[in-house]
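Undergrad: Structure for the following, please:
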Amino acid sequence: MGTWITIAAVILLPLMWLLVQYNGLVSLRNYIRESSSNIDTELKRRYELIPNLVNTVKGYASHEKEVLKRVITARERCLKNSGSGSIAQQAPAEQEMTRQVSHLLARAEEYPDLKADQNFLQLQRELVITEDRIQAARRFFNGNVRDYRNKCQQFPSSIVANLFGFRLEEYFDVDPAVREVPSARF
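TA: Take a look at the predicted model:
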């Protein structure tokens, strides 16, 4: 009887360990997918605000057509890459969008009537809130990626990750130039 218990323990314990490691990796991968979806939700909110902001600025600063065109082009590029499934493909377009919107808001400072427009001020507030929410969603996503990468790379769980083909996920990085938002006083 003792031999059977020993044999069962030798077989079942490693199998249970394998299942626990595998399920942990699957859970972390699903957290990454969920947090990626949260980023997409916030980005879509931003995409909906941009045309309203551009139209408001257009009425006051009609000669800033090049700035407005760059914002619209960046938004279209983001929409095209949205939901592509690859953070590596989506991140550069999002960085460009952030750069162009920051530039637009900085240029808007030169128009006193625009700065006093309630519609513009509300859109600006909404955009700032949305940008904060995007940053929070990216931090959450990157935290999930970090935990997943740690589990995929640390021994002994790396054995299970390699055995079952778990691939490393990419961080949603922000270009250093985008991290420094220009100062604009309204």
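Undergrad: Which of the three states applies to Glu169?
TA: Classification of Glu169 using DSSP: H, G, I helix; E, B strand; the rest coil returns coil.
Undergrad: all numbers from here: first residue = 20
TA: Sounds good: first residue 20 from here, last item Glu188.
Undergrad: any idea how far the nearest residue to it once chain neighbours are set aside lies from Glu189?
TA: Closest residue in space to Glu188, ignoring its immediate chain neighbours: Val164 at 4.8 Å, by C-beta to C-beta, 6 or more residues apart in numbering. To be clear about C-beta, it is placed using only N, CA and C from the backbone, and glycine gets the same treatment. Distance of Val164 to Glu189, given as C-beta to C-beta, to the nearest Å: 7 Å.
Undergrad: Who has more neighbours out of those two?
TA: Val164 (22 against 14; other C-beta atoms under 10 Å).
Undergrad: Now do the contacts for the more buried one.
TA: 51, 188-191 (C-beta atoms under 8 Å, 6 or more residues apart in numbering).
Undergrad: Give me the below-cutoff pLDDT ranges for this protein.
TA: In the predicted model, the chain carries pLDDT under 70 at residues 80-82, 102-104, 134, 193-205.
Undergrad: contact partners of stretch 60-78?
TA: With C-beta under 8 Å, 6+ apart as the test, stretch 60-78 has contacts from 83, 87, 90-91, 94, 97-98, 101, 113, 116, 120, 123, 127, 130, 133, 136, 138-139, 142-143, 145-146, 149-150, 152-153, 156.
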